[in-house]
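A.B. asks: sequence plus the predicted model coming up.
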Amino acid sequence: MNETTNNGGNKVNDQFVPCDTQTLIQQIGIRNILAISGGRVGKRETGITLPVSNGYSVTVDLAGNDTYTVRRVFTRAGKASIKGEVSNVYCDEVGNVAYQAHAFRSYEFGNYSEVI
């Protein structure tokens, strides 16, 4: 099983709820998904994973307060590290936030120093 940590090396334990992935894909927008991952979508119980490149991916998960959490995740040797996170993202913003998360060479994303 893959282990997820934040930049401080602490394990992450989140309170996400089951998500209708088709609705989430529509809210992000097919053009954003094509730009982010070339159309590749990994569906999970609580959201989706969009593989980017070079070990990076973008995860979008539904939180219990009906907002989304968007993360930039870097995976190497089976160990995933969160390189940025934005929480409390509303459905009309999720496409733009996911797009910004995918641009790991161009943009910083989220708060790196925050312990998650």
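C.D. replies: Looks like it arrived, so ask away.

A.B. asks: quick check: the residue of the chain most remote from its centre vs residue 55, distance?
C.D. replies: What lies farthest from the middle of the chain is residue 77; by CA atoms, centre = their mean that is 19.1 Å. Noted for residue 77: a distance of 10 Å to residue 55, by CB to CB, to the nearest Å. (Glycine included, C-beta is placed from N, CA and C.)

A.B. asks: and residue 96, by the same measure?
C.D. replies: Taking CB to CB, one finds residue 96 at 23 Å from residue 55.

A.B. asks: and if you look at residue 68?
C.D. replies: Distance of residue 68 to residue 55, computed by CB to CB: 23 Å.

A.B. asks: who has more neighbours, those two?
C.D. replies: Higher neighbour count among residue 68 and residue 55: residue 68, with 26 against 14, using other CB atoms under 10 Å.

A.B. asks: could you find the closest non-adjacent residue to that one?
C.D. replies: The shortest distance from residue 68 to any residue other than its chain neighbours is 4.4 Å, reached at residue 89 (CB to CB, 6 or more residues apart in numbering).

A.B. asks: and the top strand by length along the chain, what does it pack against?
C.D. replies: In the chain, assigned by DSSP state E, the strand with the most residues is strand 79-89. Contact analysis of strand 79-89 by 3 or more CB pairs under 8 Å, 6 or more residues apart in numbering; DSSP states H and E lists strand 3-5, strand 68-76, helix 94-102 as its packing neighbours.

A.B. asks: can you put those in CSV and add mean pLDDT?
C.D. replies: Listed next are the helices and strands packed on strand 79-89 as CSV, based on pLDDT from 0 to 100:
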stretch, mean pLDDT
strand 3-5, 48
strand 68-76, 94
helix 94-102, 93
